[in-house]
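Student: any chance you can model this:
(chains A and B)
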Protein chains: 2
Amino acid sequence: MAEKKIGRQTLQFSSTPIITSWASVVGPMEEKGALGDKFDLVLTDNLAGEKTWEKAEQKMMQYSIELALEKQSLLPKDLDFYLAGDLLNQIICANFTARALNTPFIGLYGACSTLAEGLCMAGLILDGGFAERIGVSASSHHDSAEKQYRTPTELGDQRPMTAQWTVTGSASYLVEKTGNGIMLTHATIGRIIDLGSSNAQNLGEAMAPAAMDTIKTHFEDLGRSEKDYDLIVTGDLGLLGHSILKELLKEKGISSDNFNDCGIMIYNPDQDTHMGGSGCGCSAVVLAAHLIERLQSGQYQRILFIGTGALLSPLSTFQGETIPCIAHAVVLESK
Amino acid sequence: MAEKKIGRQTLQFSSTPIITSWASVVGPMEEKGALGDKFDLVLTDNLAGEKTWEKAEQKMMQYSIELALEKQSLLPKDLDFYLAGDLLNQIICANFTARALNTPFIGLYGACSTLAEGLCMAGLILDGGFAERIGVSASSHHDSAEKQYRTPTELGDQRPMTAQWTVTGSASYLVEKTGNGIMLTHATIGRIIDLGSSNAQNLGEAMAPAAMDTIKTHFEDLGRSEKDYDLIVTGDLGLLGHSILKELLKEKGISSDNFNDCGIMIYNPDQDTHMGGSGCGCSAVVLAAHLIERLQSGQYQRILFIGTGALLSPLSTFQGETIPCIAHAVVLESK
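Tutor: As a prediction, the model looks like this:
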């Protein structure tokens, strides 16, 4: 057995990497949401002075990593590596942000699990002794994502009630070998779960079983239960996906009292998002603006953060494929 | 300083992970090329019995990892992790292959640098003590890539003379903590270099400066020169990109006598590919079918393998962006 792998899928970071800085940038819709006053920066509109939504999304990601660095009086050159990804084809937001930073770059694709995937990889690189400081970013943008995955928002298509609202937001994190902040103690790398859903307007349903699989494996690998966490939070299952996860947990005799979902937390019920938020940016900004702050203040001692990703493409759906889903989890503890 | 990072961008794998198995699957065009008799499996045609090129590409990737496992009498469940990526939007070939394997999965996007990126990450995960055995795959498919990045091949558009031919091929590798095979001793993680090229029909020109940057950094980080390698091989610069790299090397006083490029090696001059091969599959299958065999036989003692990626999207080009490029390098030694 590898000495730092526990059970089937869980990694133990014995040197305990620290998340030392974080920053979130969102759009106006997110400012009107339940966490509206907690974000570091809010765009004036979804274009942010750019000509296209894609360029606005890239700008958001760049702002968020620059802000995370600035909070620690650091510059991009102080990063050993930069890990990032987004939802757009060929992860262009991440690529152009990495170009601006001029930092050694590792491109990731995990759909909405990207931030969790990045934190897993950052923990692994730091704990392996390969770096002192790593930047991690993820982003999504409502209009660029809807245009690419469903229909351009300008068409005004009616969204089914099972749909979620792709968050316009990006958050970045600095993860360091030493420092003050939040401890990253374990990661559980997910496997693909696909129970046959093929509806791109109901990703919560598709992703819930993947979240369940990773949570169950995490508990088994570490001999832990839901009672060991102050909060177990999924990325973007939304209201429907979250209720499905609760049913799945119940079947396994796991209490869901301390479970929540970033997609449920980010908007207010009157915002007409239907099932809540989604997108790489959803879990990324809720963690930065809200959850980490609660760990920092000591309100939470230990949380399990589970990024959930639907790894479909419009083309795979057109070709009759179902939706492969994945969930990666990280354990975060207050110091 | 992190103990296993040398200089600015290079990682040292002190436990020396071993590439224990490899397998390549290609299309009929590649069989007619210079390495035609060296691939493990050749598809009868570019559809391989599937209804779409994308499904054929996914099948190729799955065959290649299954073959790499089979050569060692292993099953997918024997992998700790699977790292993979491809050129298609949302890396669907990798996602569906990971679904078939049912293995913990980390999705990567590095365009044509993906195989090198995967080997870097595999080395890092193994050397960090987080796994015993990792599978790495990358693929590309001529028709699926041309359709997505340029125009569908069915249109019969004339290709400019600077164009390269996207390789239909996939290769997979098993990288293990111990075993017999090829040693993976170092990796150099690239940064984005973009000198302003915006022509998606001339990616060699765009990528050559990124290759140069990584090679130069690699030499500086390790205090090595071109003389320390039997071969320094780039992924898919093609004839034009390779000649540009040679000019750049000359400017720095580096001899290019032992430099070559997988894009030049894979086809025969009479195959009308113009500048040679490209795509994730290009460097992946040339390494598996040819270069690793030469390391295995002792013909090469040590090579520097540099995956080169053009991180553009059709949309970023439409929006007036230039092409951000990256190159990741790994050092491979015969045991």
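Student: residue in chain A nearest to chain B?
Tutor: A:G128 (2.6 Å; Cβ to the nearest Cβ). Just so you know, the C-beta spots here come from the backbone N, C-alpha and C atoms, and that holds for glycine as well.
Student: isn't that residue right next to B:A131, touching?
Tutor: No - with contact taken as Cβ atoms under 8 Å, A:G128 and B:A131 are classed as non-touching, separated by 10.9 Å.
Student: okay, and the common contacts of the two?
Tutor: B:I125 (Cβ atoms under 8 Å, 6 or more residues apart in numbering or on different chains).
Student: now do the same for the closest residue to A:F219 other than its chain neighbours: its pLDDT.
Tutor: In space, A:F219 comes closest to A:S225 once its chain neighbours are excluded; the distance is 5.8 Å by Cβ to Cβ, 6 or more residues apart in numbering or on different chains. A:S225 is assigned a predicted lDDT (pLDDT) of 98.
Student: before we move on, what about A:K335?
Tutor: You'll see A:K335 listed with a pLDDT of 88.
Student: which non-adjacent residue is nearest it?
Tutor: Using Cβ to Cβ, 6+ apart, the closest residue to A:K335 is A:M183 (5.5 Å).
Student: and that neighbour, what element?
Tutor: Assessed by DSSP states H and E, A:M183 sits inside strand A:182-188.
Student: can you count the residues close to the residue nearest to A:F219?
Tutor: 11 (other Cβ atoms under 10 Å in any protein chain shown).
Student: go on, A:E3?
Tutor: The number of residues packed near A:E3 is 11, by other Cβ under 10 Å.
Student: report the longest helix in chain A, please.
Tutor: Longest helix in chain A by number of residues, with DSSP state H as the criterion: helix A:203-222.
Student: which other helices and strands does it contact?
Tutor: Under the contact criterion of 3 or more Cβ pairs under 8 Å, 6 or more residues apart in numbering or on different chains; DSSP states H and E, the helices and strands touching helix A:203-222 comprise strand A:10-12, strand A:182-188, helix A:238-251, strand A:302-310, strand A:325-334.
Student: list the buried residues of whichever strand or helix holds A:I292.
Tutor: With elements taken from DSSP H and E, the one containing A:I292 is helix A:292-296. Within helix A:292-296, the residues that qualify as buried are A:I292, A:E293, A:L295, A:Q296, counting by 16 or more other Cβ atoms under 10 Å in any protein chain shown.
Student: chain A - how does it break down into domains?
Tutor: Chain A resolves into domains spanning A:5-176, A:185-334 when parsed by automatic domain parsing.
Student: show the end-to-end separation of the longest one, please.
Tutor: It stands for domain A:5-176. Chord length of domain A:5-176, first to last residue, is 21 Å (Cα to Cα, to the nearest Å).
Student: now do that domain: distance to the chain's middle.
Tutor: Distance of domain A:5-176 from its chain centroid, counting by Cα atoms, centre = their mean, to the nearest Å, is 8 Å.
Student: next, the buried residues of stretch A:2-22.
Tutor: Buried residues in stretch A:2-22, counted by 16+ other Cβ under 10 Å: A:2, A:4-6, A:8-13, A:16-22.
Student: please apply the same query to stretch A:236-256.
Tutor: Residues A:236-246, A:248-249, A:254, A:256 are the ones in stretch A:236-256 that count as buried (16+ other Cβ under 10 Å).
Student: out of those residues, who's nearest A:D157?
Tutor: Out of the buried residues of stretch A:236-256, the one with the shortest distance to A:D157 is A:G238. That distance is 18.6 Å, counting by Cβ to Cβ.
Student: quick check, that closest one in contact with A:C262.
Tutor: No - using Cβ under 8 Å as the test, A:G238 is too far from A:C262 to be in contact (9.5 Å).
Student: spit out the residues that contact the two alike.
Tutor: Counting by Cβ under 8 Å, 6+ apart, the common neighbours of A:G238 and A:C262 are A:G277.
Student: which stretches of the stretch 101-250 of chain A have low pLDDT?
Tutor: Within the stretch 101-250 of chain A, no stretch falls below the threshold (pLDDT under 70).
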